[in-house]
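# Structure here, sequence nowhere to be found:
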């Protein structure tokens, strides 16, 4: 499919490709200064190319920049991820496998040795991506699997060449995970970027002090390339392990935002008390993209029979499980997590597949009988409890629901490392259950239906579905892509390869004095906080 | 005389310590093989299986691994954490004092609570005061520590708008705040040990009070009673010193829970985090330090005991 | 020939109840115990209630422990559900009753296993003395230098979660701690001349241990076991809090308290209160009973 000339990429409302600087839209004049304290995480280390841990990415989102980033602000609908330029001022797609980025001029690295505040150039971008792709032990390398090479055309221009067209390339690039630009000198001086001294970026804040398992402090970068940002002088990420104590700290005003994962959230059970104790608390609700599902060995009996899968789905009272574990509300998940507002197809629009989200034990028993399991059958379910009472309760309730239709499920609990290397990668017998990676793009969810993917926990091998998904990856036109993604979801739902449990509705809680801040999914705290300011 | 006794006790303590290090060391060898693979794959602790095994020391015969490990430990090198790649010793120099301070406060509280209650219980034996005192002490140990800790953090937040600080203050930053942040968790931790100390004080004092010379002095009147009490206490409390050694191990246990609830970056929490992260070298290093600490304190306790009671310096 | 030095009953009592039938004598002993040691008697009642709940759970509990009662989520204690319901809609009273079974199972198995090993170690150590004794005591010393939670967590980190592993790990600790006490008791029994006399008369070691040492040490074992039970139940709740306790569906009090109990602390405090009360009462009961038994049965133990 040959594309004509230079194609300016329009995405979701942007009429000129990536030309907008992330200028904060504000009504009142922001007041500089103040401290923002939130619940932080101590990372194992700070090297984005040697870990997949969100704990690292959250910290780096405050200190580092990417080529393009997600738009942020109170007007951004949570669950949507339009991108805008960060280090890149403009970008364009020359043909279906070539992207050219024009970098902003005058971007300075943090004034820390050995980089000492020099200007960022295209060489830095090339260096970063080369290291990302070649370093051993990078669990995120698959993100750039289609990237063939990166060229620094001149001081401020970078060219990316893909090995095959990938419509999601820019989405991957803007993801706050692992693709921040890093300086060569830091790697050469410190051998790797693991230590706190090596945290040198071009982001809005500079890492000031890191006390492991206690607190990490960031101070405003005076040379940040966006004029007037950031307003907040200091950011403190306070690591605190116990949920009850964290909440007590929140309601006594020691934290400025809700203390629960992925950041700034409240547990449903705490919302009422939080509202009482902190008057005028600003609460924003939106669906979570952490989706828990049940995977089954659809390549073996009895799960090979679609009727069995349908029966297991109908036997589950998803609403009941949600009410027991998420009292303030939940959303049903189509094959792409409902949290991705721009791509997920609401369950009502799934067509034939929608009816399997209902609770109908009688129909379930009938289907089982029809499939030859009138007396039920026995199987196992492997999971890890993720230290989550909600998950433990959900598993127990699910087992009970299946027992009611004659399916005896023995629960096998595994410690995290064992679970992750086995059941999470599809090595289990019978069924498995667990939360999935909270991706920000639909491809990562659909990839779980592709035969070669390790995350294909159900061992799905459906050529029709595989074709749909791969075609969507090649559809550079967004409207067409969306239609294909929707089709894939309808087909997948009909086949009932996974049983998806409802996801919670996040209750993000923020101090009302914090202005111009819009919470969202994903780990880009820096991007969202950049334009915020304290009104007090 | 005392020096000879001290030397003797040291000789006895050393083999126990060495045995303890063998126990600590062998724990890691019990790791199932597939977990080694997982540590490499999922945590990216190493680039391939061979390096993973080398990092865990599994590529050499076991006695050599042990000797290397213990030899390096003796010079202060406990290896590197798999999780953070930082030297374990430097992490512990930071965390050990926090746990020791917490433990010290707990021990003081335990003694200050346990001894007086034990005395009251013994002197007013089998009266209502005795029952109330003993019940209170046992209740202190019967209520699960993490629950008490949770209540103490959460209830004031709801009803008084106050909660212990979520941020740990190091000594250098603010010495007074640094000290006071240990008071609440230390008190709760000490309450459980207070019961054991109370018990022993009570029984020891009863034992002494029953002696004939004491009974005659008692019968003689109030002033004598007071003097008698003072003397009996001295004799009764000496054995209580021995139990302090055991209580130290008990208290160090409790640090795992209380450091988590009160956000203190101590050794207990470090151990718990290392276990969650499958950081076996760190688990080994922490256990080694903990065991050495307990043995050292026990030795100290033995010496104090011998100093107080010359009879046992055989 | 009557067994010498039968410490199960102090001489005073036997004199007071001459030639009475064994049942009446036993009842009189219990009554005397209650009068002399009211706290201990209270403890005994609690322990008895625990055993009854554990043994007859099916008859006492109004519902099954995993039954999700329709429309009955987060109901406060009231006429219909005496202790309230939890967030999944399960009756808390039923879960407390079945939880007794878990506590008893874990507690008793742990203490049984631990004390069996401890008795073996302690008695042989105290009886045979010599180099064996010294070696064994060094090993026990080494074990006892570990704070219990730290060694259990390390063990469970390697063994993995599960009720059986918890029992195993806990019993190893119980064995180390109590073997010393049993050894102490053995030492004092062995001093008595009749032991030498029995040996002189040609009785083998095994016979002497089984017929003379063991019965006299039995009281000690019972006492430490009783107090140890309380400790095991507390340890299990601490392990639940840390995420290493008895896994579901068994409703252990520790996991009820540290799981939903803590999450719903503000909105539904009864979910936590009842298991908390249960744990505290039971531990209190075991301790009081053990203390009282010690006062009555074995004055020698007062020092330990």
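Sure, I can see it. Owing to the predicted nature of the structure, the values given are computational and were not obtained by experimental measurement.

# Now the residue nearest to the spatial centre of chain B. Nearest residue, chain neighbours left out?
For chain B, the residue nearest the mean C-alpha position is residue B:252 (2.8 Å; CA atoms, centre = their mean). In this structure, residue B:252 finds its nearest non-sequential neighbour in residue C:147, 4.0 Å apart by CB to CB, 6 or more residues apart in numbering or on different chains. Every C-beta, even on glycine, is put in place using the N, C-alpha and C of the backbone.

# Any idea which helix or strand in chain B has the lowest mean pLDDT?
Ranked by mean pLDDT, DSSP states H and E, the helix or strand of chain B with the weakest confidence is helix B:33-41, at a mean of 61.

# Stretch A:394-401 vs chain C: in contact?
Yes: Stretch A:394-401 is in contact with chain C by CB under 8 Å from any CB of the partner chain, via A:395, A:396, A:397, A:399, A:400.

# picking that back up, what comes up buried for the helix or strand following the least confident helix or strand of chain B?
Next helix or strand after helix B:33-41 toward the C-terminus (DSSP states H and E): helix B:49-55. Neighbour counts over helix B:49-55 (16 or more other CB atoms under 10 Å in any protein chain shown) mark B:52, B:53, B:55 as buried.

# do you know how far the second one is from chain A?
Separation of residue B:53 from chain A (CB to the nearest CB, to the nearest Å) stands at 16 Å.

# What of the first one?
Plainly put, residue B:52 is 11 Å away from chain A if you go by CB to the nearest CB.

# ok, now residue B:203?
In terms of CB to the nearest CB, residue B:203 sits 37 Å off from chain A.

# could you give the mean pLDDT of the helix or strand hosting that residue?
In this assignment (DSSP H and E), residue B:203 forms part of helix B:183-209. Average pLDDT, helix B:183-209: 85.

# buried ones in that helix?
B:184-209.

# try stretch B:300-311
B:301, B:302, B:303, B:305, B:306.

# Now tabulate these in JSON lines and tack on pLDDT.
Listed next are the buried residues of stretch B:300-311 as JSON lines, based on pLDDT from 0 to 100:
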{"residue": "B:301", "pLDDT": "80"}
{"residue": "B:302", "pLDDT": "78"}
{"residue": "B:303", "pLDDT": "79"}
{"residue": "B:305", "pLDDT": "75"}
{"residue": "B:306", "pLDDT": "75"}
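
# give the contact list for the closest residue to residue B:23 other than its chain neighbours.
Leaving aside its chain neighbours, residue B:23 sits nearest to residue C:142 (6.3 Å; criterion: CB to CB, 6+ apart). In this structure, residue C:142 makes contact with B:16, B:17, B:19, B:20, B:23, B:291, judged by CB atoms under 8 Å, 6 or more residues apart in numbering or on different chains.

# run the last query once more with 7 Å
Neighbouring residues of residue C:142 by CB atoms under 7 Å, 6 or more residues apart in numbering or on different chains: B:16, B:19, B:20, B:23.

# What is the nearest of these to residue B:5?
Ranked by distance to residue B:5 (CB to CB), the contacts of residue C:142 are led by residue B:16 at 17.1 Å.

# what kind of secondary structure is the closest residue to the closest one other than its chain neighbours in?
Spatially, and ignoring its direct neighbours in sequence, residue B:16 is nearest to residue C:141 (3.9 Å; CB to CB, 6+ apart). Three-state assignment for residue C:141 (DSSP: H, G, I helix; E, B strand; the rest coil): helix.

# State the distance from the residue lying farthest from the centre of chain B to chain A.
Distance from the centre of chain B peaks at residue B:220, with 43.7 Å (CA atoms, centre = their mean). Separation of residue B:220 from chain A (CB to the nearest CB): 56 Å.

# Distance of that residue relative to chain C?
Noted for residue B:220: a distance of 26 Å to chain C, by CB to the nearest CB.

# Please, where are all the strands along the stretch 251-400 of chain A?
A:265-266, A:282-287, A:292-296, A:330-331, A:377-383 (DSSP state E, counting those that start in this stretch).

# Please identify which of these is closest to chain C.
When the strands of the stretch 251-400 of chain A are compared for distance to chain C using CB to the nearest CB, the nearest one is strand A:377-383, at 10.5 Å.

# Buried residues, the closest one. List them.
A:377, A:379, A:381, A:382, A:383.

# Hmm, the first one is touching residue A:301, no?
If I follow you right, that is residue A:377. No: using CB atoms under 7 Å, residue A:377 makes no contact with residue A:301, being 9.1 Å away.

# isn't residue C:174 right up against residue C:108?
No: using CB under 7 Å, residue C:174 makes no contact with residue C:108, being 11.5 Å away.

# and the longest helix for chain B?
For chain B, the helix with the greatest residue count under DSSP state H is helix B:222-262.

# which helices and strands sit right next to it?
Here helix B:222-262 touches helix B:88-123, helix B:145-159, helix B:183-209, helix B:212-219, helix B:267-276, helix B:280-308, helix C:148-159, going by 3 or more CB pairs under 7 Å, 6 or more residues apart in numbering or on different chains; DSSP states H and E.

# How much space separates whichever residue of the stretch 151-300 of chain A sits closest to chain C from residue A:504?
Using CB to the nearest CB, the closest approach of the stretch 151-300 of chain A to chain C is made by residue A:273 at 4.6 Å. Computed with CB to CB, to the nearest Å, the distance linking residue A:273 and residue A:504 is 18 Å.

# picking up where we left off before, which one of the strands of the stretch 251-400 of chain A lies closest to residue B:169?
For the strands of the stretch 251-400 of chain A, proximity to residue B:169 was assessed by CB to CB; strand A:265-266 is nearest, at 26.7 Å.

# Quick one: mean pLDDT for that closest one?
The average pLDDT within strand A:265-266 is 94.

# dump the residue contacts of residue B:285.
Here residue B:285 is in contact with B:78, B:79, B:88, B:92 (criterion: CB under 7 Å, 6+ apart).

# Let me know the closest of these to residue C:223.
residue B:92 (39.0 Å).

# what separates the closest one from chain C, distance-wise?
With the distance defined as CB to the nearest CB, residue B:92 ends up 14 Å from chain C.

# Could I get the pLDDT score of that residue?
In the predicted model, residue B:92 carries a pLDDT score of 89.

# Same check on the one 5 residues further on?
Per-residue pLDDT puts residue B:97 at 91.

# That one: neighbour count?
For residue B:97, the neighbour count with other CB atoms under 10 Å in any protein chain shown is 14.

# Now do the contacts for residue 307.
Just so you know, I chose chain A. A:367, A:370, A:371 are the contacts of residue A:307 under CB under 7 Å, 6+ apart.

# hmm, I had chain B in mind actually
Shown in contact with residue B:307 (CB under 7 Å, 6+ apart): residue B:2.

# from the contacts of residue B:285, which two are the most distant?
Greatest spatial distance in the contacts of residue B:285: B:79 and B:92, 11.4 Å, computed using CB to CB.

# doesn't residue A:433 fall inside a strand?
Yes: the assignment for residue A:433 (three-state DSSP) places it in a strand.

# my read: it touches residue A:384, true?
No: if you go by CB under 7 Å, residue A:433 and residue A:384 don't touch, sitting 9.4 Å apart.

# Residue A:191: how many residues sit nearby?
Neighbours of residue A:191 under the rule other CB under 10 Å: 11.

# Pull up the per-residue confidence for it.
89.

# what sits against it?
By CB under 7 Å, 6+ apart, residue A:191 has no neighbours at all.

# From residue B:85, how far out is it?
Residue A:191 sits 10 Å away from residue B:85, going by CB to CB.

# Not counting residues beside it along the chain, what's closest to the residue of the stretch 351-500 of chain A found nearest chain C?
Shortest the stretch 351-500 of chain A-to-chain C distance, computed as CB to the nearest CB: residue-wise this is residue A:389, at 4.6 Å. Nearest non-adjacent residue to residue A:389, counting by CB to CB, 6+ apart: residue C:259, 4.6 Å away.

# Wait, residue A:275 touches residue A:258, no?
No: the criterion here is CB under 7 Å, and residue A:275 misses it with residue A:258 at 11.4 Å.
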